[in-house]
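J.: The sequence isn't on hand, but the structure is:
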């Protein structure tokens, strides 16, 4: 219920202090994102990765600062609910001309729930739905760049000239190796993609004004329009062997864009005055990608969580299936459940872990944080972390409730919070991940069809090769997955293998890769026990085989493509490379996309 009058003098001051807190947050967030351009120009790759990690913490720090200020200056937690309702109305007024109103709403929610100790979206004091539209929102700041630029080459022959102007206007403060050559090659790729289409009067190239930075790359993102045809495209810009810039590849179409903005990759750094305008543009390139994913990919993870939860509540309203124990082999550390109609899984940390697991809840949470902050190189699924999440009790199977009571009772509460007789299941802490087909299930499906079936044999072989590629990409990023069993990897709809079980993950540089010592006598050779000393974080790659390669067909494919993964020297050499400060490139596109 809204108040009849705005008669609380402190309400506006509280709202203004909250908006000041948000403005400070976004100013710092944007400044760090803008500095990515200089780090790219100076090839400060370690600084770029460090900034990507540290920026993730900005939001929570600013929320804490704002909560402390409100408690100190206004005793905010002691204010009556009528005042808080007025605070919300004043805050809406402050958002009317704001350029990031959707982010400001989320900030308000974060601060308010901490002060009032509210844990659910359904109350009168936070924004359950957007209060201010972001449609057609554009900057009015004098001298600010537009959201996107448009170029009109008129003909395919004029493409190189228009592209040259486009890249020059990016104003990168380091020279290209041969921009004329690169735009000619890019123009040829674009012309090939437009072959057979009649160029219409509206033939144009639209590109977002600021580049998207991640690791060693800067990505131009845009679309080509002719008539009713719109073709999404992106051009990665890299430093060549002598430090001069080159256009490295040409990505086209929605699938390539999904790979670039994958949930298994690190977040971009891009300077955005009006983030909703960037998201709106990106939605025209990837209409199947939820806005929550796009905000998250842009580094605005809290906004991504807000939109995800709103989408989830909407899905619950219009579905009727029940949460269940997720199919597959049950984990020793995580309890996993899903809703069949919803493409995500929900993961709880169990209260106790059976041997041989030796870990704690806090250590497991630390592993998930490590993955959140690390470069995921397209091989580790991102997670959304939530606390005190309420679900309708009637949507939970009794079997699932008993499973949670058995393995994670400290995480479960069942209550009638609103006193209306409708029970809720409240989970204290959980992670939400994109649902993938576990690799062991995928392989079993191939075996069930029979490898005499050409499609099944090809699918099995591709999955095994991708599994090895995934591990090698993780190695390049200084990650040792720990538990490498097939069940801990999933396969996407595009056939890409992604790792998603993080409780044993380690930095590669923290591991000691060893060969199994030769037995010194017949007794040791025949022993069924380990006869040599094993220290914490010792890893013996040659012992992976018996656990992974029991199937002859799988073993043949694996040994043909990835036998080096069973050699300690492979792992040790990469460890030494990383310790020497070298960073390998792991590109979010295939070799055939490269221009040269």
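T.: Good, I have the coordinates. This structure is a prediction, so every number in the text was calculated from the model and none was measured.

J.: all strands of the stretch 401-550 of the chain, in order?
T.: Ranges of strands in the stretch 401-550 of the chain, per DSSP state E, counting those that start in this stretch, are 412-415, 424-434, 437-438, 479-480, 489-491, 497-499, 506-507, 512-513, 538-539.

J.: Relative to residue 303, which of these is closest?
T.: strand 424-434 (15.6 Å; Cβ to Cβ). For every residue, glycine as well, the C-beta is placed using N, CA and C.

J.: So what are the sheet partners of the closest one and their directions?
T.: strand 344-349 (antiparallel), strand 383-392 (antiparallel), strand 412-415 (antiparallel) (DSSP bridges).

J.: From what I see, residue 73 and residue 20 are in contact.
T.: No: counting by Cβ atoms under 8 Å, residue 73 stays clear of residue 20, with 11.2 Å between them.

J.: could I get the strands of the stretch 401-550 of the chain as TSV with mean pLDDT?
T.: Below are the strands of the stretch 401-550 of the chain laid out as TSV (pLDDT from 0 to 100):
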stretch	mean pLDDT
strand 412-415	91
strand 424-434	95
strand 437-438	94
strand 479-480	96
strand 489-491	96
strand 497-499	97
strand 506-507	96
strand 512-513	96
strand 538-539	93
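
J.: just so I know, which of the strands paired with strand 424-434 lies nearest residue 135?
T.: strand 383-392 (25.8 Å).

J.: which secondary element of this protein has the worst mean pLDDT?
T.: helix 522-526 (a mean of 68; mean pLDDT, DSSP states H and E).

J.: Give me the domain ranges for this structure.
T.: 9-116, 149-295, 319-435, 438-593 (automatic domain parsing).

J.: Distance to residue 143 and mean neighbour count added to those, as a markdown table?
T.: Conversion of the domains of the chain to a markdown table gives the following (distance: least, Cβ to Cβ, whole Å; neighbours: other Cβ atoms under 10 Å):
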| stretch | distance to residue 143 | mean neighbour count |
| --- | --- | --- |
| domain 9-116 | 14 | 18 |
| domain 149-295 | 11 | 18 |
| domain 319-435 | 34 | 16 |
| domain 438-593 | 33 | 16 |
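
J.: if we can go back for a sec, got the strands paired with strand 424-434 as JSON lines, with distance to residue 433 columns?
T.: Shown next, in JSON lines, are the strands paired with strand 424-434 (distance: least, Cβ to Cβ, whole Å):
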{"stretch": "strand 344-349", "distance to residue 433": "5"}
{"stretch": "strand 383-392", "distance to residue 433": "5"}
{"stretch": "strand 412-415", "distance to residue 433": "20"}
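
J.: and residue 529, which of those strands is closest to it?
T.: Closest to residue 529 of the strands paired with strand 424-434, according to Cβ to Cβ: strand 344-349, at 32.1 Å.

J.: how far does that closest one sit from the chain's center?
T.: Its chain's C-alpha centre and that of strand 344-349 lie 16 Å apart, by Cα atoms, centre = their mean, to the nearest Å.

J.: List the contacts of that strand.
T.: Applying Cβ atoms under 8 Å, 6 or more residues apart in numbering, the contact partners of strand 344-349 are 323, 326, 333-338, 361, 364-365, 383, 404, 408, 411, 427, 429-435.

J.: who wins for proximity to residue 296 among the strands of the stretch 401-550 of the chain?
T.: strand 424-434 (11.4 Å).

J.: ok now stretch 195-214, how far from the chain's centre?
T.: Here the centre of stretch 195-214 is set off from its chain's centre by 26 Å, with Cα atoms, centre = their mean.

J.: Kindly apply the preceding question to stretch 438-450 instead.
T.: Relative to the centre of its chain, stretch 438-450 is centred 27 Å away, using Cα atoms, centre = their mean.

J.: Which residues outside that stretch are in contact with it?
T.: By Cβ under 8 Å, 6+ apart, the residues outside stretch 438-450 that reach it are 327-329, 455-457, 459-460, 463-464, 467, 485-487, 489-491, 497, 551, 554.

J.: Give me the pLDDT value at the residue lying closest to residue 141 once chain neighbours are set aside.
T.: Nearest residue to residue 141, sequence neighbours excluded (Cβ to Cβ, 6 or more residues apart in numbering): residue 273, at 6.6 Å. According to the prediction, residue 273 has pLDDT 96.

J.: for residue 273, what are its contacts?
T.: Neighbour list for residue 273: 30, 99, 139, 141, 144-145 [criterion: Cβ under 8 Å, 6+ apart].

J.: and it, helix, strand or coil?
T.: coil (DSSP: H, G, I helix; E, B strand; the rest coil).

J.: Please tell me how far it sits from residue 207.
T.: Distance from residue 273 to residue 207, counting by Cβ to Cβ, to the nearest Å: 16 Å.

J.: just residue 405 next, same as before
T.: 54 Å.

J.: Same question for residue 50.
T.: Residue 50 is 28 Å from residue 207, by Cβ to Cβ.

J.: again, but for residue 362
T.: 45 Å.

J.: same check, this time on residue 513
T.: Separation of residue 513 from residue 207 (Cβ to Cβ): 45 Å.

J.: for residue 196, same thing?
T.: In terms of Cβ to Cβ, residue 196 sits 24 Å off from residue 207.

J.: Tell me where the stretch 401-550 of the chain is predicted with low confidence.
T.: The model of the stretch 401-550 of the chain has pLDDT under 70 over residues 417-420, 524-525, 528.

J.: for the chain, same thing?
T.: For the chain, the stretches with pLDDT under 70 are 1-4, 118-125, 417-420, 524-525, 528.

J.: Counting residues, which helix of it comes out longest?
T.: Using DSSP state H to define each element, the chain has its longest helix at helix 9-34.

J.: Show me what that helix is packed against.
T.: Contact here means 3 or more Cβ pairs under 8 Å, 6 or more residues apart in numbering; DSSP states H and E; on that basis helix 9-34 packs against helix 45-55, helix 58-74, helix 81-95, helix 101-116.
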